[in-house]
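Undergrad: Have a look at this prediction, sequence included:
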2 protein chains.
Amino acid sequence: MTLPRLSKLELRIMDVLWTHGASSVREVLEHFPAKKRPAYTTIQTMITRMETKKVLRRARKTGNANIFEAVVSRDAAQRRLIDDFLGFFGGSLQPVMAQLVETGKLTRADVQEAEKLLRALESKTDRPK
Amino acid sequence: MTLPRLSKLELRIMDVLWTHGASSVREVLEHFPAKKRPAYTTIQTMITRMETKKVLRRARKTGNANIFEAVVSRDAAQRRLIDDFLGFFGGSLQPVMAQLVETGKLTRADVQEAEKLLRALESKTDRPK
DNA sequence: TAGTGTCTACTACACAGGTAGTAGGTACGC
DNA sequence: GCGTACCTACTACCTGTGTAGTAGACACTA
């Protein structure tokens, strides 16, 4: 429980694992945009630290390269991220919404989607007594 | 522009200034929940650093105590926070919405509020020509 | 005006995250 | 079997953040 907070770079690394599955250090590296790609050993160091924190683990070996896989799920990490984020707003979505609408980041389509999700959820939780 | 990212504690300090207006170190300190209240000098140090970063400034003196006021607005800080946050989701709100709905953090009321805001915005931006 | 309590300025330190180099082991092609 | 290229393990260093102590200045009270 209480998975550790993941930093920006850690999240980008996890993203590779979540999206492309178990990968070697080099594979992770190569999924970074060629422009701002850190050094091989930078990724390696981060991965080693993340292994210590148990957010990923070595799954197997290919040749002499370790293949790492995510231990923490994308969902769990996202939940954690959202919780932390909402903490700044006292847990209330209202100011966030307002800001999103004002900056044009929240569109009509987004709202409709949310509504659909809400309805789906309701019929799932209300029905079973 | 590009106001610096504010850390958790920095945000809590700014929150006092935003909510209660210009304050002294002691006043800021006293607005922290008595339980987990840092040392006086901890707040002082943070405020000094924030002064350097120009997110707040000394407004005046009362006795020999400095009174600090926010330079960065709550809105600006929130915008920055939201942008950073959305960065993790590729700027798309969809996964965030889904997560919020699933964890019950996004209620029907929130959605309705968002809709109202959207409508208000539309009549403001569409109308003028 | 003298004393006391408060405030500032400065210093210090630990931990996390980001960055990367070096040394030495290993696998694989030829 | 050897050499080259790649991988790991270890070390190092800097910055930001959170934390706080100490010394000395200052203001207000009695």
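TA: Now that the structure is in, tell me what you want to look at.
Undergrad: List the buried residues of the helix or strand of chain A with the lowest mean pLDDT.
TA: One helix or strand of chain A scores below all others by mean pLDDT, DSSP states H and E: helix A:108-125, with a mean of 86. By neighbour count with 16 or more other C-beta atoms under 10 Å in any protein chain shown, helix A:108-125 contains the buried residues A:110-111, A:113-115, A:117-118. C-betas here are computed from N, CA, C, even on glycine.
Undergrad: Residues touching it, excluding its own?
TA: Helix A:108-125 has contacts (C-beta atoms under 8 Å, 6 or more residues apart in numbering or on different chains) with B:93-94, B:97-98, B:100-102, B:106, B:108, B:111, B:114-115, B:118.
Undergrad: Export those as JSON lines, with columns for distance to B:V71.
TA: Output for the contacts of helix A:108-125, formatted as JSON lines (distance: C-beta to C-beta, whole Å):
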{"residue": "B:L93", "distance to B:V71": "30"}
{"residue": "B:Q94", "distance to B:V71": "35"}
{"residue": "B:M97", "distance to B:V71": "33"}
{"residue": "B:A98", "distance to B:V71": "37"}
{"residue": "B:L100", "distance to B:V71": "32"}
{"residue": "B:V101", "distance to B:V71": "37"}
{"residue": "B:E102", "distance to B:V71": "39"}
{"residue": "B:L106", "distance to B:V71": "33"}
{"residue": "B:R108", "distance to B:V71": "39"}
{"residue": "B:V111", "distance to B:V71": "35"}
{"residue": "B:A114", "distance to B:V71": "30"}
{"residue": "B:E115", "distance to B:V71": "35"}
{"residue": "B:L118", "distance to B:V71": "31"}
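Undergrad: Most widely separated two among the buried residues of helix A:108-125?
TA: Spanning the widest gap among those are A:D110 and A:L118, at 12.6 Å by C-beta to C-beta.
Undergrad: Against DNA strand C - does stretch A:32-49 have any residue that ends up touching it?
TA: Yes - residues of stretch A:32-49 contacting DNA strand C under C-beta under 7 Å from any atom of the strand: A:38-39, A:41-42, A:44-46, A:49.
Undergrad: starting at the chain centroid, how far to that stretch?
TA: 17 Å (C-alpha atoms, centre = their mean, to the nearest Å).
Undergrad: Is any residue of that stretch near DNA strand D?
TA: Yes - for stretch A:32-49, a contact with DNA strand D is found by C-beta under 7 Å from any atom of the strand, at A:40-41, A:44-45, A:48.
Undergrad: what about that stretch, how long is it end to end?
TA: 19 Å (C-alpha to C-alpha, to the nearest Å).
Undergrad: List of residues touching it?
TA: Counting by C-beta under 8 Å, 6+ apart, A:9-10, A:12-13, A:16, A:25-26, A:28-29, A:56, A:68 sit against stretch A:32-49.
Undergrad: Could you pull out the strands in chain A for me?
TA: Counting by DSSP state E, chain A has strands at residues A:56-62, A:65-70.
Undergrad: Would you mind giving these as a markdown table with distance to chain B and mean neighbour count added?
TA: What follows is these, written out as a markdown table (distance: least, C-beta to the nearest C-beta, whole Å; neighbours: other C-beta atoms under 10 Å in any protein chain shown):
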| stretch | distance to chain B | mean neighbour count |
| --- | --- | --- |
| strand A:56-62 | 17 | 13 |
| strand A:65-70 | 15 | 18 |
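Undergrad: Any idea which of those gets closest to A:Q78?
TA: strand A:65-70 (12.7 Å).
Undergrad: Check which helices and strands the closest one sits against.
TA: Helices and strands touching strand A:65-70, by 3 or more C-beta pairs under 8 Å, 6 or more residues apart in numbering or on different chains; DSSP states H and E, are helix A:8-20, helix A:25-30, strand A:56-62.
Undergrad: how about a cut-off of 6 Å?
TA: Under the contact criterion of 3 or more C-beta pairs under 6 Å, 6 or more residues apart in numbering or on different chains; DSSP states H and E, strand A:65-70 touches helix A:8-20, strand A:56-62.
Undergrad: Lovely, talk soon.
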